[in-house]
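Enquirer: Sequence first, predicted coordinates after that:
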Amino acid sequence: MTDKLIEQLESLYGKGKGFKVYTTIMPGILADFNKMLNAVPAGKEVTEEYHLEDGKGVIIMSGHRTADGQITMKPRIITRNKSGFSDF
């Protein structure tokens, strides 16, 4: 999960800045999304969008929590282009 997300952010922002964006925003996103997962019944799929402050894209988190407490998360980024947003 981490490597792919960093790779996508680096493609969007450039090598150094992409990693900095990741280390700056992801802890808050992960904490918020984890709270959301813990608030719903086990097995229920949760999806949330986090818009990047500069408007370049959206991080979409989806995942679920199993009955034994394991959490599965699938992040992806969609980017803004001239005709709207497109999958990264």
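Expert: Good, I have the coordinates.

Enquirer: what residues does the top helix by length along the chain touch?
Expert: Using DSSP state H, we find that the single longest helix of the chain is helix 15-39. Defining contact as Cβ atoms under 8 Å, 6 or more residues apart in numbering, one finds that helix 15-39 is touched by 5-6, 8-13, 46, 48, 50, 52, 59, 61, 63-65, 71, 73. Where C-beta positions appear, they are placed from N, C-alpha and C, glycine not excepted.

Enquirer: just checking, which of these belong to helices?
Expert: Among the contacts of helix 15-39, the residues falling in helices (DSSP H) are 5-6, 8-13.

Enquirer: so R65 touches A42, yeah?
Expert: Yes - with contacts counted by Cβ atoms under 8 Å, R65 reaches A42, the gap being 5.4 Å.

Enquirer: neighbour-wise, which of the two wins?
Expert: For R65 versus A42, neighbours defined as other Cβ atoms under 10 Å are more numerous around R65 (22 against 13).

Enquirer: ok, I60 - contacts?
Expert: 47-50, 75-78.

Enquirer: Highest neighbour count among the residues you listed?
Expert: Neighbour counts for these (other Cβ under 10 Å) peak at I77, which has 21 neighbours.

Enquirer: I'd assumed it was in a helix, is it?
Expert: No - note on I77: no helix contains this position according to DSSP: H, G, I helix; E, B strand; the rest coil, which reports strand.

Enquirer: show me where pLDDT drops low in this structure?
Expert: Low-confidence segments of the chain (pLDDT under 70): 1, 81-88.

Enquirer: do that again at 90, thanks
Expert: Within the chain, the segments meeting pLDDT under 90 span 1-9, 11-12, 15-16, 53-57, 69, 75-88.
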